[in-house]
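*Asks:* with the sequence up front, the predicted model follows.
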Amino acid sequence: MMVPTATKTLGVNAAFLQEIKDSHPDLAHAVHALRATYHSDDVPAQTARRLVRLLDELRDCLAFQFALEESYGYIEGAQSSSETLAEMAEKARNQHCGLYLELSSLCEQAEELQYRGFACDNVRQLIQDTERFDARLIQHERLEAELIERAYFEPRRAY
């Protein structure tokens, strides 16, 4: 005799995840300052000096943000009526590590530029790499926003 069982998956606590996102003004400020810096018309060396500080600040903010999200925004072993929602939650949570490692690499690249001297071509490359990272961060935030929205409308099951 076969007995159907519920699959334990990764779920999302949409209310907590949204609250975490709404309650971190330091992260919003760091992202805004970073974008303003790489879009500025300053001389490359000045832009690079600011990027060194801002990338470090963003890395610290994202580490804190991701830790909170993973601790309180995602639920291990939740029963989900939607495989798609569980897959989205898994994908979003798994992106945290890659984004953090990419940002750490950018921080190292910026610090190395600072110590070696700000060659114009290298600064342009750092700015382009930072813009690409920012685009991936925006995609990640969109995925989590969609995840939150969908989680509110998924039929509830007892855990």
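*Replies:* Cool, the structure landed.
*Asks:* residue contacts, the residue nearest in space to the middle of the chain?
*Replies:* Nearest to the geometric centre of the chain sits Leu137, at 5.1 Å (C-alpha atoms, centre = their mean). Neighbour list for Leu137: Val31, Leu99 [criterion: C-beta atoms under 8 Å, 6 or more residues apart in numbering]. Placement of C-beta: from N, CA and C, glycine included.
*Asks:* wait, a helix at it?
*Replies:* Yes: using DSSP: H, G, I helix; E, B strand; the rest coil, the secondary structure at Leu137 is a helix.
*Asks:* buried residues, whatever helix or strand Ala28 lives in. List them.
*Replies:* According to DSSP states H and E, Ala28 maps onto helix 25-38. Across helix 25-38, burial judged by 16 or more other C-beta atoms under 10 Å covers Leu27, Ala30, Val31, Leu34, Thr37, Tyr38.
*Asks:* one more: stretch 91-104?
*Replies:* In stretch 91-104, counting by 16+ other C-beta under 10 Å, buried: Ala92, Arg93, Gln95, His96, Leu99, Tyr100, Leu103.
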